[in-house]
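**Q** quick one: sequence and predicted model below, then my questions.
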Amino acid sequence: MNMHTSSVLLALSVTIAACATATVEPQPPEGGPKPATATIVHAFDAASFQLPEGLVVREGKAYVGLAPLGTILETGSDGSTRTYATVPPGGRDGYLTGLAFDAAGNLYAASTRNRPDASATTPGIYKIPAGGGAVTKPFASSPKMTFPNGLAFDDKGLLYVTDSAAGIVFRIAADGAAEEWARGAALEGSVACRSDLPFPMGANGIVFARGAAYVLNTSKGSLVKIPVLPDGRAGEPSAVFEDCGYVGLDGLARDAADGTLYVAQNGLPGRVLSWSEGLGVRPVVDGAPLDGPASLELGVFGGEKRLLVTSAAFFSSASPAGGARPSLASIRLP
């Protein structure tokens with residue numbers, strides 16, 4: 001581990017979050033859809049460290065990762081929950097971040113290491129068999145991996161994971177071998193934009209679309225495009241947009257129907273945005289009931305197509321003023 005990464009990790013605290021409040025508000029272009037509203041599906045208990053981060057939808061159920069606890073809950077559209085799986089809890093040492101299902105129903109969960117002396121916490125990807133259960137050892141890891149965060153599969157069924165501390169996108173083979181797939185300045189964190197981030201977080205949410213990977217850079221407030229070359233290698237990462245007013249970009253989801261990307265901008269309280277070619281960045285839900293939106297997922301939920309969002313409430317849960325509102329919310333798009 002290099003000195004830069006060590007210093008980054010030492011800056012983390014028990015209230016580490018995926019991002020922070022934006023300081024500047026860029027004005028979206030005129031036209032396009034009107035903002036939507038979010039409805040709470042399930043309210044979590046911040047006092048019990050139920051801070052939801054990762055999110056994935058499968059067969060009408062939402063699967064929500066409680067970051068400090070290492071617990072993944074299966075959640076119905078009626079708000080009912082049950083424990084589906086567990087990975088080693090991180091507490092102040094690590095956090096459960098991204099989630100993704102493969103075609104066979106195996107669930108993959110990313111877990112971080114927040115401190116270099118947290119020897120009991122191995123950063124990496126945990127593979128939970130279809131049906132759930134407890135998993136204690138990572139399926140994939142790398143000496144370069146510190147803060148694995150966003151997870152996504154490409155159209156060939158290969159798994160990719162972003163590392164927000166290293167500024168790297170890893171590709172995970174079927175046997176769990178992790179290789180560096182993409183890196184570059186566009187994926188690295190930066191201190192150029194003023195923010196409350198615990199460290200300059202780089203590559204975060206990730207999706208694949210139209211022969212490319214799209215990755216959010218949290219500290220730069222940018223959306224990065226990485227072309228997938230014919231042989232599967234990564235092309236040069238470049239920013240689609242970048243603005244300090246979007247510091248805190250976290251989770252990312254894509255609507256396959258029209259190609260729109262939906263973005264969680266974490267903060268206090270934070271917001272959900274959309275991006276598409278032609279319309280650019282648009283507000284979807286701004287402020288309450290959101291409280292630190294972390295992850296997004298589009299899917300059929302309660303028999304309808306919905307955009308789901310976890311509010312991790314990392315910042316509000318650490319505030320002396322209190323009032324943390326961690327939740328899973330549902331958005332009916334216009």
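**A** Structure received. Numbers count the residues shown, from 1 in each chain.
**Q** low-scoring stretches of this structure, by residue?
**A** Along the chain, the parts satisfying pLDDT under 70 run over 1-34, 114-121.
**Q** which residues in it form helices?
**A** For the chain, the helices defined by DSSP state H occupy 3-10, 314-318.
**Q** buried sites along the last one?
**A** Neighbour-count burial for helix 314-318, counted by 16 or more other C-beta atoms under 10 Å, picks out 314-317. C-beta coordinates here come from the backbone N, C-alpha and C atoms, glycine included.
**Q** and the most centrally placed residue in the chain, how far from K156?
**A** Most central in the chain under C-alpha atoms, centre = their mean is G251, positioned 3.8 Å from the mean C-alpha point. In this structure, G251 and K156 are separated by 23 Å, where distance is defined by C-beta to C-beta, to the nearest Å.
**Q** do the same with F199
**A** In this structure, F199 lies at 33 Å from K156, with C-beta to C-beta as the measure.
**Q** okay, the two: which has more neighbours?
**A** Higher neighbour count among F199 and K156: F199, with 22 against 8, using other C-beta atoms under 10 Å.
**Q** list the contacts of S142.
**A** 124, 170, 178, 180 (C-beta atoms under 8 Å, 6 or more residues apart in numbering).
**Q** strands of the stretch 51-200 of the chain, residue ranges please.
**A** Remark: strands of the stretch 51-200 of the chain, listed N- to C-terminal, are 52-58, 61-66, 71-75, 81-86, 96-101, 107-111, 124-128, 133-134, 148-153, 159-163, 168-172, 178-183; assignment by DSSP state E, counting those that start in this stretch.
**Q** these: which one's closest to G292?
**A** strand 52-58 (9.6 Å; C-beta to C-beta).
**Q** V224 reaches T218, doesn't it?
**A** No - using C-beta atoms under 8 Å as the test, V224 is too far from T218 to be in contact (11.2 Å).
**Q** counting neighbours, go ahead and name the busier of those two.
**A** Relative neighbour count places T218 above the other of V224 and T218, with 32 against 26, counting by other C-beta under 10 Å.
**Q** for the more buried one, what are its contacts?
**A** With contacts defined as C-beta under 8 Å, 6+ apart, T218 is in contact with 18-19, 164, 189, 197, 201-202, 204, 247-250, 266.
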